[in-house]
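Asks: how would this look folded up:
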Amino acid sequence: MKIEEAKFIISAVSEKQYPKGQQPEIALAGRSNVGKSSFINRMIQRKNLARTSSKPGKTQTLNFYQLNDSFYFVDVPGYGYAQVSKTERAKWGTMMEEYFQQREQLRAVILVTDIRHNPTKDDMQMYEYVKFLDLPLIIIGTKLDKIPRSKRERHIKHAKQHYVLDDYTHFIPFSSETGEGKDQAWGIIESYM
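Replies: Sure, this is the predicted structure:
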């Protein structure tokens, strides 16, 4: 897919702030600092639409990015960041549950993970939650470029073992640096529009 136009629309904390209309939405979830913003920027071929940060826990709202005036990427707060208070984490949890459980426009969830490491407990919780909600799930194993080519197949095979892959659950090795996996990701995303 070619993205001709990409714009940030709103940072929302509740349903009344979500964009109006019926355009499909793809949510992006993942651990703080796993590379969700880099994934978004690579997918849309922009350097800084989604702000990247070396400081974890930067995304604290639901950030709606409208693409080609026809659908949205929705970046949700990263999880697993210890320096956020329990009260703040509880607020994020409520905000995310409202979105995931009630938003009719939500077509699929992209779970961004680090292919170099086993999924964290939080990654597996998010995976189970999305499966429980019966939403299509696209697992992105990012940072593929950090693995030597001779070891990639082993890492990919090992990463896939943690998930039950089927017609509605996909695993894509990905690199935000090189763009590997981008076309495959777009192909699956488009199938849910």
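
Asks: quick one: contacts for the residue nearest to Ser11 when sequence neighbours are not counted?
Replies: Distances taken as Cβ to Cβ, 6 or more residues apart in numbering put Thr61 closest to Ser11, at 3.9 Å, once the chain neighbours are dropped. To be clear about C-beta, it is placed using only N, CA and C from the backbone, and glycine gets the same treatment. Counting by Cβ atoms under 8 Å, 6 or more residues apart in numbering, Thr61 touches Ser11, Ala12, Val13, Pro77, Met95.

Asks: residue contacts, Met95?
Replies: Contacts of Met95 by Cβ under 8 Å, 6+ apart are Val13, Ser14, Thr61, Leu62, Pro77.

Asks: and the second one, what does it touch?
Replies: Shown here is Ser14, whose contacts under the criterion Cβ under 8 Å, 6+ apart are Met95, Glu98.

Asks: just the pLDDT for it.
Replies: As predicted, Ser14 sits at a pLDDT of 87.

Asks: likewise the last one?
Replies: Note on Pro77: pLDDT of 82.

Asks: quick one: neighbours of it, just the number.
Replies: Counted with other Cβ atoms under 10 Å, residues neighbouring Pro77 total 24.

Asks: regarding it, what is its secondary structure?
Replies: With DSSP: H, G, I helix; E, B strand; the rest coil as the basis, Pro77 sits in coil.

Asks: wait, it touches Gln60, no?
Replies: Yes: between Pro77 and Gln60 there is a contact at 5.5 Å, judged by Cβ atoms under 8 Å.

Asks: what about the strands in the protein?
Replies: Per DSSP state E, the chain carries strands over the ranges 6-12, 25-30, 62-67, 71-75, 106-114, 137-142, 169-173.

Asks: so where's the chain uncertain?
Replies: Low-confidence segments of the chain (pLDDT under 70): 48, 50-59, 80-92.

Asks: where do the helices of it begin and end?
Replies: Assigned by DSSP state H, the helices in the chain fall at 36-44, 86-102, 121-132, 149-160, 182-191.

Asks: most packed of these?
Replies: helix 36-44 (a mean of 23; mean count of other Cβ atoms under 10 Å).
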